[in-house]
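A.B. asks: My questions concern the predicted model and sequence given below.
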Amino acid sequence: MTAPDDQLRVFYDGACPSCVKDRRLYERLAGRTGESVEWVDITGRDEELEERGIDPKAALQELHVEDGQGNIHRELDAYILLMSRVWLLKPLAWLIGLPVIRPALAKLYHKWVSERLERTGRRPL
(Lines give C-alpha, C1' and ligand atoms only; values in the text may rest on other atoms or scores of the structure.)
Protein backbone atom coordinates (compact mmCIF):
# COMPACT_ATOMS: atom_id res chain seq x y z
CA MET A 1 0.00 0.00 0.00
CA THR A 2 1.33 3.45 -0.89
CA ALA A 3 1.05 6.54 1.25
CA PRO A 4 -1.28 9.28 -0.07
CA ASP A 5 1.75 11.56 -0.47
CA ASP A 6 3.20 9.07 -2.97
CA GLN A 7 0.08 9.11 -5.15
CA LEU A 8 0.18 10.78 -8.54
CA ARG A 9 -2.73 11.68 -10.81
CA VAL A 10 -1.72 11.84 -14.44
CA PHE A 11 -3.99 13.85 -16.72
CA TYR A 12 -3.47 12.49 -20.22
CA ASP A 13 -5.21 12.59 -23.60
CA GLY A 14 -7.06 9.27 -23.82
CA ALA A 15 -8.16 10.12 -27.37
CA CYS A 16 -4.51 10.04 -28.49
CA PRO A 17 -3.39 6.54 -29.51
CA SER A 18 0.26 7.44 -28.90
CA CYS A 19 -0.57 8.74 -25.40
CA VAL A 20 -2.47 5.54 -24.56
CA LYS A 21 0.45 3.47 -25.87
CA ASP A 22 2.89 5.49 -23.72
CA ARG A 23 0.67 4.95 -20.67
CA ARG A 24 0.67 1.18 -21.21
CA LEU A 25 4.45 1.15 -21.64
CA TYR A 26 4.88 3.14 -18.42
CA GLU A 27 2.59 0.76 -16.53
CA ARG A 28 4.59 -2.25 -17.75
CA LEU A 29 7.92 -0.66 -16.80
CA ALA A 30 6.62 0.63 -13.46
CA GLY A 31 5.26 -2.71 -12.25
CA ARG A 32 4.02 -2.36 -8.66
CA THR A 33 5.31 1.22 -8.52
CA GLY A 34 2.61 2.02 -11.08
CA GLU A 35 -0.07 1.21 -8.51
CA SER A 36 0.50 4.65 -6.98
CA VAL A 37 -0.41 6.34 -10.27
CA GLU A 38 -3.99 7.18 -11.18
CA TRP A 39 -4.52 7.84 -14.89
CA VAL A 40 -7.22 10.39 -15.72
CA ASP A 41 -8.38 10.73 -19.32
CA ILE A 42 -8.97 14.46 -19.86
CA THR A 43 -11.56 13.86 -22.60
CA GLY A 44 -14.80 15.61 -21.61
CA ARG A 45 -13.49 16.66 -18.19
CA ASP A 46 -13.01 20.38 -18.70
CA GLU A 47 -14.90 21.28 -15.52
CA GLU A 48 -12.88 18.89 -13.35
CA LEU A 49 -9.63 20.18 -14.86
CA GLU A 50 -10.62 23.79 -14.19
CA GLU A 51 -11.49 22.90 -10.57
CA ARG A 52 -7.91 21.66 -10.20
CA GLY A 53 -6.51 24.84 -11.77
CA ILE A 54 -5.67 23.21 -15.11
CA ASP A 55 -6.63 24.98 -18.32
CA PRO A 56 -8.31 22.29 -20.51
CA LYS A 57 -6.61 23.67 -23.64
CA ALA A 58 -3.22 23.46 -21.94
CA ALA A 59 -4.04 19.91 -20.77
CA LEU A 60 -4.44 18.91 -24.42
CA GLN A 61 -1.08 20.41 -25.29
CA GLU A 62 1.07 19.16 -22.42
CA LEU A 63 1.07 16.47 -19.77
CA HIS A 64 -0.12 17.47 -16.28
CA VAL A 65 0.59 15.49 -13.12
CA GLU A 66 -0.83 16.19 -9.66
CA ASP A 67 1.35 15.05 -6.77
CA GLY A 68 0.16 13.81 -3.38
CA GLN A 69 0.20 17.36 -1.96
CA GLY A 70 -2.07 18.66 -4.72
CA ASN A 71 0.69 20.47 -6.66
CA ILE A 72 0.32 20.43 -10.43
CA HIS A 73 3.42 19.73 -12.52
CA ARG A 74 3.27 20.32 -16.25
CA GLU A 75 5.18 19.68 -19.44
CA LEU A 76 8.68 18.25 -18.86
CA ASP A 77 8.40 18.68 -15.07
CA ALA A 78 5.46 16.26 -15.21
CA TYR A 79 7.45 13.72 -17.24
CA ILE A 80 10.45 14.02 -14.93
CA LEU A 81 8.28 13.46 -11.85
CA LEU A 82 6.56 10.46 -13.39
CA MET A 83 9.68 8.85 -14.85
CA SER A 84 11.83 9.39 -11.75
CA ARG A 85 9.65 6.83 -9.90
CA VAL A 86 10.69 3.96 -12.17
CA TRP A 87 14.28 2.75 -11.80
CA LEU A 88 14.60 2.03 -15.53
CA LEU A 89 13.39 5.53 -16.45
CA LYS A 90 15.31 7.49 -13.78
CA PRO A 91 18.35 8.07 -16.01
CA LEU A 92 16.08 9.41 -18.75
CA ALA A 93 14.33 11.71 -16.25
CA TRP A 94 17.73 13.04 -15.18
CA LEU A 95 18.82 13.48 -18.81
CA ILE A 96 15.77 15.46 -19.93
CA GLY A 97 16.17 17.73 -16.92
CA LEU A 98 19.64 18.86 -17.96
CA PRO A 99 19.78 22.58 -18.82
CA VAL A 100 21.49 21.82 -22.14
CA ILE A 101 18.85 19.30 -23.28
CA ARG A 102 15.65 20.55 -21.68
CA PRO A 103 14.97 23.67 -23.84
CA ALA A 104 15.49 21.81 -27.12
CA LEU A 105 13.41 18.87 -25.96
CA ALA A 106 10.60 21.17 -24.81
CA LYS A 107 10.56 22.81 -28.23
CA LEU A 108 10.44 19.43 -30.01
CA TYR A 109 7.74 18.19 -27.63
CA HIS A 110 5.48 21.18 -28.31
CA LYS A 111 6.05 20.89 -32.05
CA TRP A 112 5.16 17.18 -32.01
CA VAL A 113 2.01 17.72 -29.91
CA SER A 114 0.94 20.65 -32.06
CA GLU A 115 1.32 18.59 -35.23
CA ARG A 116 -0.57 15.66 -33.66
CA LEU A 117 -3.47 17.87 -32.63
CA GLU A 118 -3.49 19.58 -36.04
CA ARG A 119 -3.59 16.20 -37.85
CA THR A 120 -6.54 15.04 -35.76
CA GLY A 121 -8.40 18.36 -35.99
CA ARG A 122 -8.26 18.87 -32.21
CA ARG A 123 -5.86 21.78 -31.92
CA PRO A 124 -7.24 24.38 -29.47
CA LEU A 125 -7.74 27.88 -30.85
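C.D. replies: Thanks, I have it. Numbers count the residues shown, from 1 in each chain.
A.B. asks: and stretch 106-119, which residues are buried?
C.D. replies: Tyr109, Val113, Arg116, Leu117 (16 or more other C-beta atoms under 10 Å). The C-beta positions use only the backbone N, C-alpha and C, and glycine is treated the same way.
A.B. asks: Now do the SS call for the last one.
C.D. replies: So the one you mean is Leu117. helix (DSSP: H, G, I helix; E, B strand; the rest coil).
A.B. asks: Could you measure from it over to Glu50?
C.D. replies: Distance of Leu117 to Glu50, computed by C-beta to C-beta, to the nearest Å: 20 Å.
A.B. asks: Equivalent analysis for the first one, please.
C.D. replies: The spacing between Tyr109 and Glu50, counted by C-beta to C-beta, is 24 Å.
A.B. asks: go on, Asp67?
C.D. replies: Per C-beta to C-beta, Asp67 is found 19 Å from Glu50.
A.B. asks: before we move on, back to that, switch the buried residues of stretch 106-119 over to a markdown table; also include distance to Lys21 and pLDDT.
C.D. replies: What follows is these, written out as a markdown table (distance: C-beta to C-beta, whole Å; pLDDT from 0 to 100):
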| residue | distance to Lys21 | pLDDT |
| --- | --- | --- |
| Tyr109 | 16 | 90 |
| Val113 | 15 | 89 |
| Arg116 | 13 | 86 |
| Leu117 | 17 | 85 |
